[in-house]
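K.L.:
Pasting a predicted model and its sequence here:
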Amino acid sequence: MAAQVKLGLKENRAQFALLVLVNGFVGGMVGLERSILPQIAEKEFAIAAKTAILSFIVVFGIVKAITNYYTGTLANKFGRKNLLIAGWVIGIPVPFILMLAPDWNWIIAANILLGINQGLTWSSTVVMKIDLVGEKQRGFAMGLNEFAGYISVAIVAFLTGWIASEYGVRPYPFYLGIGIVFLGLLSSIFFIKDTKQHVAIETTTSVVPKLKNIFWDTSWKNKNLGSVTQAGLINNLNDGMAWGILPVVLASKGFSIAAIGIITAVYPAVWGIGQLFTGKMADKFCKKDMLYMGMLLQAFALILLVWANTMTHFVVLSAVLGWGTAMVYPTFLATVAENTNPQDRAKSIGIFRLWRDMGYAIGAILTGIIADLISINASIIFIGVLTFISSAVIYYRMKCSDGNAVKIIDWLTNKIKHDTGTTSTGMPCERRIAKVANAFS
């Protein structure tokens, strides 16, 4: 049986496509909360303090982070598919609690379950896709995976915002969640196959040495893995801020619920669609370049949010923030896979995702405290500066581990020279000379 198993995206396209679909359902579960939960806190439960409003993100981030770690540890023991199914079963009560919760504590409880659901399901689909494709096209594979997840976040965030504007914030927007959770569960049970045989085959050909201490090497000691891990934490830290604070900022500026739904959907939409392109870019270009440039774009977009006032301002900055995130998200996972032995992969990805999703909690706590003590604008600037520092860490600490990878600056320089028809000395190239000569002949 094992001899029939092949690695590659083309060779496993049917199973890969099913995993992309399932991860779309996974992302949809997060989209349920994206645009309307902070408004439920203020309107239905009269919660005014930003720290309290963001408590649901803190709980979600901590629980998801811890679940990610154990998913990585248990994946080899119990199988990826079994963990995927368990995640969907745990997620079944979430939409029902969100639509019927009598007080904010029930919302917190729903986010504990949602954190477990996301940790088990998203981590499982990520690792299974990497298992299927082998060493090649990992960036593209992760781009497709994250595209499916985050475009679903965007679509469901938009739909819940629209439904809330038409019919109220509860219960109708959460009916979507009931359909999503059962479609995800049934698809995982009846159509998804485990990938342990693919791991066994790649293990026999991999030349990447095993890590001495998977936890510490992934967390910081290994320069490439450590750079990715800190950037993942900061990325989700600023995403947690955008998730919890952006709807509040927009509401304070007089935007309608429908407008807030559109703006909050632009960011994950660009993030999601962008990964169709940035995933392939991560297979061609130096991953260090992809990461530090993406984090730099995020930093500039976040800081400029402070001066945004119009719908156009917020849509453009949300798009820039989304593109920056699209550059780093598939690259994170592709870099971890590239720098780990197949037998270490599930654990290393679990540890990376532990720290990355802990960023949700840290970002929500920092944002809430600074917003309550100083101002919302101060909290946004602070998070933007942290994102800039993260970009600098990648730039100075990380290296291109793939010797065949193209430097983005070199590629841009060569493209400009080619398009303008000049060499490095600025003299016309032969192609340009021939074209001019023909014009005068």
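P.N.:
Arrived safely, thanks for sending.

K.L.:
hey, let's count contacts and neighbours off CA atoms from now on
P.N.:
Noted.

K.L.:
Return the backbone torsion pair for Val406.
P.N.:
phi -90, psi 130 (degrees, to the nearest 10).

K.L.:
so what's the closest residue to it other than its chain neighbours up against?
P.N.:
Once flanking residues are discounted, Val406 sits nearest to Phe285: 4.5 Å by CA to CA, 6 or more residues apart in numbering. Phe285 makes contact with Ala405, Val406, Lys407, Ile408 under the criterion CA atoms under 8 Å, 6 or more residues apart in numbering.

K.L.:
what's the neighbour count on the last one?
P.N.:
Applying the criterion other CA atoms under 10 Å, we find 18 residues in the vicinity of Ile408.

K.L.:
Check the first one too.
P.N.:
Other residues within reach of Ala405 by the criterion other CA under 10 Å amount to 14.

K.L.:
Tell me how far the residue nearest the centre of the chain lies from His418.
P.N.:
Nearest to the centroid of the C-alpha atoms of the chain, with distances taken as CA atoms, centre = their mean, sits Tyr329, at 4.9 Å. Going from Tyr329 to His418 by CA to CA, to the nearest Å gives 31 Å.

K.L.:
what does Gly79 give?
P.N.:
In terms of CA to CA, Gly79 sits 50 Å off from His418.

K.L.:
more neighbours, those two?
P.N.:
Just comparing Gly79 and His418: by other CA under 10 Å the higher neighbour count belongs to Gly79, 17 against 14.

K.L.:
any idea how far the more buried one is from Ile349?
P.N.:
Counting by CA to CA, the gap from Gly79 to Ile349 is 15 Å.

K.L.:
Ok, Ser219 next?
P.N.:
Note on Ser219: its distance to Ile349, by CA to CA, is 11 Å.

K.L.:
How about Gly179?
P.N.:
In terms of CA to CA, Gly179 sits 29 Å off from Ile349.

K.L.:
now Gly91
P.N.:
22 Å.

K.L.:
Where does pLDDT dip in this protein?
P.N.:
1-3, 49, 403, 421-441 (pLDDT under 70).

K.L.:
The strand or helix carrying Ile112: what's the following helix or strand?
P.N.:
According to DSSP states H and E, Ile112 maps onto helix 104-133. Where DSSP H and E defines the elements, the next helix or strand beyond helix 104-133 is helix 138-167.

K.L.:
Now do that following helix against helix 104-133, angle only.
P.N.:
Angle between the axes of helix 138-167 and helix 104-133 is 150 degrees (criterion: axes from the mean of the first three to the mean of the last three CA atoms, to 10 degrees).

K.L.:
Look through the chain and tell me its longest helix.
P.N.:
In the chain, taking DSSP state H as the definition, the longest helix is helix 342-373.

K.L.:
which helices and strands does that helix pack with?
P.N.:
Counting contacts by 3 or more CA pairs under 8 Å, 6 or more residues apart in numbering; DSSP states H and E, helix 342-373 packs against helix 50-53, helix 55-78, helix 104-133, helix 196-203, helix 214-216, helix 223-252, helix 311-338, helix 376-397.

K.L.:
Out of those helices, flag the one nearest Pro173.
P.N.:
helix 104-133 (14.9 Å; CA to CA).

K.L.:
about what we covered before: list the buried ones in the helix holding Ile112?
P.N.:
Residues of helix 104-133 classed as buried: 104, 107-133 (neighbour count, 16 or more other CA atoms under 10 Å).

K.L.:
again with stretch 163-178
P.N.:
Buried, per 16+ other CA under 10 Å, within stretch 163-178: Ile163, Ala164, Ser165, Val169, Arg170, Pro171, Pro173, Phe174, Tyr175, Leu176, Gly177, Ile178.

K.L.:
quick one: contacts for the last one?
P.N.:
Put plainly, it is Ile178. So Ile178 contacts Ile92, Pro95, Phe96 (CA under 8 Å, 6+ apart).

K.L.:
The same query, at a cut-off of 7 Å, please.
P.N.:
Pro95 (CA atoms under 7 Å, 6 or more residues apart in numbering).

K.L.:
With the one 3 residues further on instead?
P.N.:
For Val181, the contact set (CA under 7 Å, 6+ apart) comprises Trp88, Gly91, Ile92.

K.L.:
one more time with 6 Å
P.N.:
Ile92 (CA atoms under 6 Å, 6 or more residues apart in numbering).

K.L.:
How far off centre is the helix or strand it falls within?
P.N.:
Assigned by DSSP H and E, Val181 falls within helix 175-190. Computed by CA atoms, centre = their mean, to the nearest Å, the chain-centroid distance of helix 175-190 equals 21 Å.

K.L.:
Measure how that helix sits relative to helix 104-133, angle-wise.
P.N.:
Using the same axes, to 10 degrees: helix 175-190 against helix 104-133 is 40 degrees.

K.L.:
ok so, going back, for the residue nearest to Val406, grab phi and psi.
P.N.:
phi -90, psi 160.

K.L.:
For it, give its distance to Gly143.
P.N.:
For Phe285, the distance to Gly143 - CA to CA - is 14 Å.

K.L.:
next one: Arg80
P.N.:
Relative to Gly143, Arg80 is positioned 20 Å away (CA to CA).
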